[in-house]
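# Kindly return the folded structure for what I paste below:
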Amino acid sequence: MRITDTSDLWWKTAVVYCLDVETYLDTDGDGTGDLVGVSERVDHLAELGVTCLWLMPFYPTPDRDDGYDITDFYGVDPRLGTHGDLVELVRTARDRGIRVIVDLVVNHTSDQHPWFRSAVASKDSPYRDFYVWRSDPPPDTSDQVVFPDQEDSLWEYSEPTGEWYLHRFYKHQPDLDVENPRVRDEVAKVMCFWLQLGISGFRVDAVPFFLEVQAGSEDFPDPHRYLRALRQLLGRRTGDGVLLGEVNLPYEEQVRFFGGEDGDELTMLFDFVGMQQLYLSLARQDARPLSAALAARPAVSPDSQWATFVRNHDELTLDKLTEDERAEVFAAFGPEEEMQVYGRGLRRRLPPMLDGDPRRVRMVYSLLFSLPGTPVLFYGEEIGMGEDLDAPGRLAVRTPMQWTGGRNGGFSTADPSALPGPVVTGGFAPEHVNVQDQRRDPGSLLAFVTLLAQRYRECPELGWASYEPLEQPHASVLAHRATWAEASLVALHNLAPEPRTVPLQLAGCGEDAVLVDLLQPGETPVGAGGAVELRLEGYGYRWLRVVRPGDRRLV
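As a prediction, the model looks like this:
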């Protein structure tokens, strides 16, 4: 089923917020965040301007991979709450105009999942073919592992049956075999279960790995046909559900996962290419790499959407940069070895990478919200949280949320040793960075991000328009325009510390048009032929709405 009514395409202009239940708010004092805690903070999300809440895995787990090693796709980890708590969270969020999506992690299971425990015990197990096995010794696959500091092969030997099983990630996460129709049926049942509880869609984990087949079969000749079937299932069960896919591939390969021009596979895709070029641009103080990436985005169906982000819950991957480009970003934002991970990414949050410079931090978030697409925030970004480099791997950026300047940052009343991980210390500790203080400060980062979300929601052209770069002479400046229907917005961002005066030629503005600032008071008349000059401070940013005589839009 194709959705054609633009009013149903809520994801085109959504503000997405990702959080880990375990680290968000602990309400029962056991040291672990819970679903009740998230419900208690829904008003914070609503005031921030969030319209879609993405929950990281809350399923039962041995917790060897921060919840991504799942033992029951239909369950709720008892440490975090119950199904009733989840339904209450969904209801509370809906009451505030916020939809909830959840992680769909069906590339693999935990090795403690009942399916795998049965499969590993006997070749006669009914779940044996839920996984991928081989009887002969595997070739060297050390160059294909996802976590080179943790694994040296994609295959692990299993003593009970004398065969090897496939694991694209950790050896304790055996891969499911999507070629098996029983596995595909089980994935559909999992989706329908959560949709029945009010979930509005899924962030689909590791999509290329999930769809990768070993040899192909007559029963499964085209993985993308299966992805289309999942989208159709979603449409039948909920007409406005989304599939937000993790597909870290070059643009020309990513577009296939949208379903091409038909847009009948994944609803949204994270723009990993644009994100990586953003950091290269920041490192060089040169907007051209980012502009080139945005201009190279393939055209997609009107039903489809790019998801833009500055930081996600994993490492800040830089794998699509060249070695020299990656070295530039490392030198600028993660020069010490402990700041890097897997040889391809950074395990840092944005404010420490920018040395806490509020001008640069605000400029980057202004840029995020003004880019064509749907902005995605990771919890704590709204207040400028830092990282804990003493934590292993990706956990460096998954520290407890900082609500107050008090004990444990207001996250929990438990002893610090009982928390999922230490609260950040140093210059980004809770006494310096927390929600409570920033709520009372109209000049805070929280107030600024809230303003950005509000303005973004008031400017649907940012979600609907394609990227239109504006010619101007400064390499450090990104100037672009978003035009959709009768709405048009001009955004300028200066990635360098020196001020810039930016001449622009804005076609089609008409006579007596003015540019009205949306982030600060002021307006600039447009001259003959659309000529205008705009001033940018060092690391400055401006959003300007094109207003013509007779326009009815509020400014």
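
# which residues touch V490?
If a contact means CB atoms under 8 Å, 6 or more residues apart in numbering, then V490 has 470, 479-481, 504, 506, 515, 542-546 as its contacts. For glycine as for every other residue, the C-beta is placed from the backbone atoms N, C-alpha and C.

# same thing but 7 Å
Counting by CB atoms under 7 Å, 6 or more residues apart in numbering, V490 touches 481, 506, 515, 544, 546.

# Hmm, the second one is touching G530, no?
Yes: using CB atoms under 7 Å, L506 and G530 qualify as a contacting pair, with a distance of 3.9 Å.

# More neighbours: those two, which one.
Taking other CB atoms under 10 Å, L506 and G530 do not tie; L506 has more neighbours (19 against 15).

# Could you report the pLDDT at the nearest residue to T267 once chain neighbours are set aside?
Of all residues not flanking T267 in the chain, V242 sits nearest, at 4.3 Å (CB to CB, 6 or more residues apart in numbering). We have a pLDDT of 98 for V242.

# Tell me the spacing between V242 and S125.
35 Å (CB to CB, to the nearest Å).

# quick one: which of the two has more around it?
Each of V242 and S125 has its neighbours counted (other CB under 10 Å); V242 has more, 27 against 17.

# what about that one, distance to V204?
Counting by CB to CB, the gap from V242 to V204 is 10 Å.

# Also D240?
Counting by CB to CB, the gap from D240 to V204 is 17 Å.

# Pick out whichever of the two has more residues nearby.
Legend: neighbour count by other CB under 10 Å for D240 and V204, higher for V204 (27 against 17).

# wait, isn't the more buried one in contact with L243?
Yes: V204 is within contact range of L243, at 5.6 Å (criterion: CB under 7 Å).

# quick one, phi psi at L45?
With angles defined as degrees, to the nearest 10, L45 shows backbone torsions of phi -70, psi -40.

# correct me, but it touches L53?
Yes: checked against CB under 7 Å, the pair L45 and L53 is within contact range at 6.3 Å.

# Find the residues that touch each one of the two.
Counting by CB under 7 Å, 6+ apart, the residues touching both L45 and L53 are 17, 98.

# Low-confidence regions, the chain specifically.
Along the chain, segments meeting pLDDT under 70 span 1-7, 214-217.

# Mind exporting the C-alpha coordinates of the helix or strand encompassing V516 to PDB?
For V516, the host element (DSSP states H and E) is strand 514-517. The C-alpha trace of strand 514-517 is given here as PDB (Å, rounded to 0.1, in the frame of the first residue of the first chain):
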ATOM      1  CA  VAL A 514      12.300  40.500   2.700                       C
ATOM      2  CA  LEU A 515      14.300  37.800   4.500                       C
ATOM      3  CA  VAL A 516      13.000  37.500   8.100                       C
ATOM      4  CA  ASP A 517      15.400  36.000  10.700                       C
END
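
# Counting by contacts, list what the helix or strand that it is followed by packs against.
Once the chain leaves strand 514-517, the next helix or strand it forms, by DSSP H and E, is strand 523-525. Judged by 3 or more CB pairs under 7 Å, 6 or more residues apart in numbering; DSSP states H and E, strand 523-525 is in contact with strand 514-517.

# So what are the sheet partners of the strand it packs on and their directions?
strand 523-525 (antiparallel), strand 541-547 (antiparallel) (DSSP bridges).

# Now find how far off-centre the helix or strand that comes right after the shortest one is within its chain.
On the C-terminal side of strand 523-525, the closest following helix or strand by DSSP H and E is strand 531-536. Averaging C-alpha coordinates over strand 531-536 and over its chain gives two centres that are 33 Å apart (CA atoms, centre = their mean, to the nearest Å).

# so who does D517 touch?
Here D517 is in contact with 523, 542, 544 (CB under 7 Å, 6+ apart).

# hmm, 10 Å instead?
523-524, 534, 542-545, 555 (CB atoms under 10 Å, 6 or more residues apart in numbering).

# With S304 instead?
9, 11-12, 255, 257-269.

# how about the CA coordinates for stretch 481-489, as CSV?
In CSV, the C-alpha atoms belonging to stretch 481-489 read as follows (Å, rounded to 0.1, in the frame of the first residue of the first chain):
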residue,chain,number,x,y,z
ARG,A,481,17.8,27.1,0.2
ALA,A,482,14.8,24.9,0.9
THR,A,483,11.7,25.7,-1.3
TRP,A,484,8.5,23.6,-1.2
ALA,A,485,5.1,24.8,-2.4
GLU,A,486,5.0,28.5,-1.5
ALA,A,487,7.5,28.3,1.3
SER,A,488,11.2,29.1,1.0
LEU,A,489,13.9,29.3,3.6
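
# on that earlier part again, right, so the strands paired with strand 514-517: which one is the most enclosed?
strand 541-547 (a mean of 23; mean count of other CB atoms under 10 Å).

# Just want the angle from that strand to strand 531-536.
150 degrees (axes from the mean of the first three to the mean of the last three CA atoms, to 10 degrees).

# Begin at 31, not 1, for the rest of this chat.
Noted, 31 is the first residue going forward, which turns the last one into strand 571-577.

# Of the contacts of D547, just say which sits nearest to A313.
R572 (23.0 Å; CB to CB).

# buried stuff in stretch 425-432?
Buried residues in stretch 425-432, defined by neighbour count with 16 or more other CB atoms under 10 Å: 425-432.

# same deal with stretch 277-295?
Neighbour-count burial for stretch 277-295 [16+ other CB under 10 Å]: 277-279, 281, 284-290, 293-295.

# try stretch 439-454
Of all the residues in stretch 439-454, those buried under the rule 16+ other CB under 10 Å are 439-442, 444, 449-451, 453-454.

# Including secondary structure, could those go into JSON lines?
Shown next, in JSON lines, are these (DSSP: H, G, I helix; E, B strand; the rest coil):
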{"residue": "G439", "secondary structure": "helix"}
{"residue": "G440", "secondary structure": "helix"}
{"residue": "F441", "secondary structure": "coil"}
{"residue": "S442", "secondary structure": "coil"}
{"residue": "A444", "secondary structure": "coil"}
{"residue": "L449", "secondary structure": "coil"}
{"residue": "P450", "secondary structure": "coil"}
{"residue": "G451", "secondary structure": "coil"}
{"residue": "V453", "secondary structure": "coil"}
{"residue": "V454", "secondary structure": "coil"}
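
# Understood, closing this out.
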